[in-house]
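Engineer: here is my input; please provide its structure:
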Amino acid sequence: MFHLVDMACVEGMVSKRKGSRYRSGPTTDWHKVKCFQLKTVDIMGHQRDPGQAARVLMADKGRYVGTAVVNFKLDRRQRLWDQVQGLTGAPPPKGLAKEKAEWLRPELVGRVKFLKGEEMLRLVSLKDFKET
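Structural biologist: Numbering: from 1, shown residues only. Here you go, the predicted structure:
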């Protein structure tokens, strides 16, 4: 059944334990299984706020599609920031105002994992990156 849901490119499915009844609030009788996909997109900027996970701003064919959290270990995260520092200074994309964002020249791509079923990326995490 999950294979069919995944092939339909929807967000996921909700399953319930046989014989259980609906009740409001948290329960272990109902379970949501999410469908994710991987895609390579352009890294167009980044945001780093104290006390929060670093984020990269993503674009697909020049159009902003969402923000991905960077959860790399320290050495890999440092390699990403070293590359980002050499690409800073690009103008912000037209119509996209993000406070505290630093915009990059389009020379870096990222492989992201995100929830299916939406035009904009949701529940996004950066899995890998490379220069184009």
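
Engineer: what's the burial count for the residue nearest to Asp49 when sequence neighbours are not counted?
Structural biologist: Residue nearest to Asp49 in three dimensions, not counting chain neighbours: Lys100, with 6.5 Å by CB to CB, 6 or more residues apart in numbering. C-betas here are computed from N, CA, C, even on glycine. As a burial measure, Lys100 scores 8 neighbours (other CB atoms under 10 Å).

Engineer: shouldn't Lys100 be in contact with Gln47?
Structural biologist: Yes - with contact defined as CB atoms under 8 Å, Lys100 and Gln47 form a contacting pair (5.6 Å).

Engineer: buried set for the lengthiest strand in the chain?
Structural biologist: The residue-count maximum for a strand in the chain (DSSP state E) belongs to strand 36-47. Using 16 or more other CB atoms under 10 Å as the burial criterion, the residues of strand 36-47 that qualify are Val41, Asp42, Ile43, Met44, Gly45, His46, Gln47.

Engineer: check stretch 69-87 too.
Structural biologist: Val70, Phe72, Leu80, Gln83, Val84, Leu87.

Engineer: from those residues, pick the one nearest Gly12.
Structural biologist: If you rank the buried residues of stretch 69-87 by distance to Gly12 using CB to CB, Val70 comes first, at 24.3 Å.

Engineer: closest one of the buried residues of stretch 69-87 to Glu118?
Structural biologist: For the buried residues of stretch 69-87, the minimum distance to Glu118 (CB to CB) is 20.7 Å, reached by Val70.

Engineer: state the pLDDT value of the residue lying closest to that closest one once chain neighbours are set aside.
Structural biologist: Spatial nearest neighbour of Val70, excluding adjacent residues (CB to CB, 6+ apart): Ala54 at 4.4 Å. Note for Ala54: predicted pLDDT of 86.
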